[in-house]
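K.L.:
pasting a predicted model and its sequence here:
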There are 2 protein chains.
Amino acid sequence: MKRRQFIHKLGTGAAVTAAMVVPQVAVAKKKFRWKMVTAWPRNFPGLGTSANRLAQRITDMSGGRIQVKVYGAKELVPAFEAFDAVSRGTAQMGHAGPYYWKGKGEVFQFFSAVPFGLTAQEVNAWLYHGGGMDLWRELYARFDLIPTAAGNTGAQMAGWFRKEINSLEDLKGLKMRIPGLGGEVLKRAGGTPVNIPGGELFTALQSGAIDATEWVGPYNDLAFGLYKAAKNYYYPGWHEPGSVIECFINRSAFEALPKDLQHIVLGACQAANLDMISELTARNQQALETLVNEHGVKVRPLPDDVLKKLKTLSSEVVEEIAAADPFARKVYASFNRFRKQVSSWSGIAEQAFMRARAL
Amino acid sequence: MKRRQFIHKLGTGAAVTAAMVVPQVAVAKKKFRWKMVTAWPRNFPGLGTSANRLAQRITDMSGGRIQVKVYGAKELVPAFEAFDAVSRGTAQMGHAGPYYWKGKGEVFQFFSAVPFGLTAQEVNAWLYHGGGMDLWRELYARFDLIPTAAGNTGAQMAGWFRKEINSLEDLKGLKMRIPGLGGEVLKRAGGTPVNIPGGELFTALQSGAIDATEWVGPYNDLAFGLYKAAKNYYYPGWHEPGSVIECFINRSAFEALPKDLQHIVLGACQAANLDMISELTARNQQALETLVNEHGVKVRPLPDDVLKKLKTLSSEVVEEIAAADPFARKVYASFNRFRKQVSSWSGIAEQAFMRARAL
């Protein structure tokens, strides 16, 4: 940051009084007041609290040169309007999940969660070191936005079901809140997917407007009280094995920052990305124990034949989306090549280790 | 940062010439020149390059207010003297692995890698949200150091063996480079563990001075050319399921920074932590394919009965260390409680998902 060269005219040696000098010296470094709109209820455990911590981190790292005020869903705009609000500059940052914007293009979902896709560790590898981030930036540039990863849920639970799932038959006619690609897969398995914001889930499940819902995992789900409306809690989260939580930034606002603050904003998001998955990994089992021991929740695995069928349908769905337009094809080619490669590695690394630990 | 109040004496309205004003205005924000000593060869892929990127990130985020110069092993001090060098202030930061300092206390190893312990995702959860970081800081404070996580290797490979391992008998008499707790476990299984710096591994294995060595995983191991000296490459890395790469900072140097730069240094380390595991996850399979297809390496699983025995011995070793002093007992209690809890969760989350993906 260059200081204003306010004294160059003094080079003649002309006299100057204090009254002329003081206001010039008082010119401070420029400060930025940013708004962050989110797709979560304010202070919602795990997601809303992570947005709060990200905002605080940016302020701390910048020594207060950027102040970020966080808005919960509906406080400035509704949950599902965060993207447009930041795109048009109503807010400078948004905190949400890319699949919420599938109405703008199915391809958004590749940056969020792909059924039978990548774990948190794997998707971060694709984004930061596998070409994923460049493709994501290319997509969001059309909307004057710069995207980056700011969190990850880790492998989710398959969801809350009012009735048991013992076979593929039990998915037929099932009305379930499940957004994104997972929803399309459920549809092909005979169910009826719906998408409603997190804050409205409990009421919908309780009233029977839906038969089942997925949300995130034990820590987030406990906070919504979903166990009061359904007792069967299924795993694994085949539809969301490591969902990316995004931060998107208005491009003009970003470009108006000096370079060091640009690095701070993006670096803070990367640190927040690790922070969120760490928090959820630390809290999920405690929450699960509370659900089981205090609220009588039944934790159940989806049967293997159901998982196999869902996997077959998932491939179909993903490949159709990929075939629909050239950009989606490019993203899928990158994603799929990476998945093939990384899942071989994970099979002899994390997966083989966890198996050995349980021997 | 307050500016020097150089004009308060001008309040009388006295005349002042440009010659008097200019040098005062030129007072810049204070700059810091730091040295980072590392335990890796300079620019070593994955570890050395990650140290370089961390240094650059700190400089970028601080707008050049901190310049960090990175030193490879032996450039300023030998690999295994980095800790003492930063403790006494010869350098301001160090980049290494906590188990290298086991000579100062067995308890250091809990912050690095515990056999059959935690994966990268799990150990970060323990450090950032499970109480681990506070305990680590308590330990390093004795040496005037502030530790933090700045990378993770992910689940490693079990190592390179000149002969096949088909039973426990094959571990007897085996001379293997394996530092930390894994080395003690090998000893109880009848082997002879040694610890030598990475840069000396190839020669030791090639000459037959050792029969086997572990290092990290395919990407790092390929760079050392270990495949030229041994063809059997075993998994999983039971001894290092998610090794923490640390950054330790001289306390006085840290405290001399203004608050925003303190946040930048620690935030940059957290971002670097995710960056390293992402890079290694992205590169390992490619490197593994090169090893197998171009260099004739045989990738082999350790037999289950060998893994079971190593697991039993690991529990013994870890519990003995924990019993040896009150601080180690405290750390182990925290670590072990966390492991029990998080491995239950991982079993129905990441592990169950990866199993379903492979169905």
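P.N.:
Sure thing, it's come through.
K.L.:
can you give me the strands in chain A?
P.N.:
Applying DSSP state E to chain A gives strands spanning A:32-38, A:66-71, A:93-96, A:145-152, A:159-161, A:175-177, A:192-194, A:212-213, A:232-235, A:244-250, A:298-301.
K.L.:
contacts for the fourth one?
P.N.:
Counting contacts by CB atoms under 8 Å, 6 or more residues apart in numbering or on different chains, the residues outside strand A:145-152 that touch it are A:47, A:50, A:54, A:83, A:86-87, A:95, A:98, A:111, A:120, A:123-124, A:127, A:133, A:136-137, A:139-140, A:242-251, A:254, A:266, A:269-270, A:272-273, A:275-277. All C-beta spots, glycine's among them, are computed from the backbone N, C-alpha and C.
K.L.:
in terms of pLDDT, where does A:K69 sit?
P.N.:
As predicted, A:K69 sits at a pLDDT of 98.
K.L.:
for the nearest residue to it once chain neighbours are set aside, give its distance to B:G267.
P.N.:
Spatially, and ignoring its direct neighbours in sequence, A:K69 is nearest to A:K35 (5.5 Å; CB to CB, 6 or more residues apart in numbering or on different chains). Remark: distance between A:K35 and B:G267 (CB to CB, to the nearest Å) = 22 Å.
K.L.:
now do the buried residues in stretch A:182-198.
P.N.:
For stretch A:182-198, the neighbour count (16 or more other CB atoms under 10 Å in any protein chain shown) marks A:182-189, A:191, A:193-194, A:196-198 as buried.
K.L.:
picking up where we left off before, adding distance to B:M176, write the strands of chain A out as TSV.
P.N.:
Below are these laid out as TSV (distance: least, CB to CB, whole Å):
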stretch	distance to B:M176
strand A:32-38	51
strand A:66-71	51
strand A:93-96	48
strand A:145-152	36
strand A:159-161	47
strand A:175-177	52
strand A:192-194	53
strand A:212-213	51
strand A:232-235	38
strand A:244-250	40
strand A:298-301	39
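K.L.:
so which of those strands comes closest to B:M354?
P.N.:
The closest of the strands of chain A to B:M354 is strand A:232-235. By CB to CB, the value is 12.5 Å.
K.L.:
how distant is that closest one from the center of its chain?
P.N.:
Relative to its parent chain, strand A:232-235 has a centroid offset of 22 Å by CA atoms, centre = their mean, to the nearest Å.
K.L.:
with stretch A:146-154 instead?
P.N.:
From the chain centre to the centre of stretch A:146-154 is a distance of 5 Å (CA atoms, centre = their mean).
K.L.:
and what of stretch A:164-171?
P.N.:
29 Å.
K.L.:
distance between the ends of it?
P.N.:
Start-to-end span of stretch A:164-171 (CA to CA, to the nearest Å) is 10 Å.
K.L.:
give me the contact list for that stretch.
P.N.:
For stretch A:164-171, contacts defined as CB under 8 Å, 6+ apart pick out A:163, A:186, A:189-191, A:232, A:234, A:300, A:302-303, A:305-306, A:309.
K.L.:
tell me the one among those nearest to B:N220.
P.N.:
A:L302 (37.2 Å).
K.L.:
burial of that closest one, as a residue count?
P.N.:
Residues lying near A:L302 (other CB atoms under 10 Å in any protein chain shown) number 21.
K.L.:
which ones are touching it?
P.N.:
Contacts of A:L302 (CB under 8 Å, 6+ apart): A:158, A:165, A:234-236, A:238, A:310, B:356.
K.L.:
over to it: give its phi and psi.
P.N.:
phi -70, psi 140 (degrees, to the nearest 10).
K.L.:
could I get the buried residue list for the lengthiest helix in chain A?
P.N.:
In chain A, with assignment by DSSP state H, the single longest helix is helix A:259-295. In terms of neighbour count (16+ other CB under 10 Å), helix A:259-295 has its buried residues at A:260-285, A:287-288, A:291.
K.L.:
give me the subset of these touching chain B.
P.N.:
The residues of the buried residues of helix A:259-295 that also fall near chain B, by CB under 8 Å from any CB of the partner chain, are A:260, A:263-264, A:267-268, A:270-271, A:273-275, A:277-279, A:281-285, A:288.
K.L.:
for the contacts of A:L302, which two are the farthest from each other?
P.N.:
Among those, A:I165 and B:A356 lie farthest apart (CB to CB), at 14.0 Å.
K.L.:
give me the more crowded residue out of those two.
P.N.:
B:A356 (24 against 20).
K.L.:
what is the burial count for the closest residue to A:E122 other than its chain neighbours?
P.N.:
Excluding the flanking residues, the one nearest A:E122 by CB to CB, 6+ apart is A:V342, at 4.8 Å. Other residues within reach of A:V342, judged by other CB under 10 Å, total 24.
K.L.:
what's near enough to touch A:V342?
P.N.:
A:V342 touches A:118, A:122, A:125-126, A:130, B:281-282, B:285, counting by CB under 8 Å, 6+ apart.
K.L.:
cool, A:A96 as well?
P.N.:
So A:A96 contacts A:38-39, A:79, A:82-83, A:245-246, A:248 (CB under 8 Å, 6+ apart).
K.L.:
closest one of the contacts of A:V342 to B:H295?
P.N.:
B:Q285 (15.2 Å).
K.L.:
what about that closest one, distance to chain A?
P.N.:
Distance of B:Q285 to chain A, computed by CB to the nearest CB, to the nearest Å: 4 Å.
K.L.:
my read is that that residue contacts A:Q341, right?
P.N.:
Yes. Using CB atoms under 8 Å, B:Q285 is in contact with A:Q341, at 4.5 Å.
K.L.:
neighbours of the nearest residue to A:A204 once chain neighbours are set aside, how many?
P.N.:
Closest residue to A:A204 apart from its sequence neighbours, by CB to CB, 6+ apart: A:I210 at 4.8 Å. Counted by other CB under 10 Å, the residues lying close to A:I210 total 24.
K.L.:
same deal with the one 4 residues further on?
P.N.:
Under the neighbour criterion other CB under 10 Å, A:E214 is assigned a count of 25.
K.L.:
would you mind measuring from it to A:E240?
P.N.:
7 Å.
K.L.:
cool, and A:K35?
P.N.:
28 Å.
K.L.:
between these two, which one's more packed in?
P.N.:
A:E240 (32 against 23).
K.L.:
for the more buried one, what are its contacts?
P.N.:
So A:E240 contacts A:113, A:115, A:153, A:155-156, A:180, A:182, A:214 (CB under 8 Å, 6+ apart).
K.L.:
kindly recompute the last result at 6 Å.
P.N.:
A:113, A:156 (CB atoms under 6 Å, 6 or more residues apart in numbering or on different chains).
K.L.:
near chain B, which of the buried residues of stretch A:182-198 show up?
P.N.:
Among these, proximity to chain B is found for none (CB under 6 Å from any CB of the partner chain).
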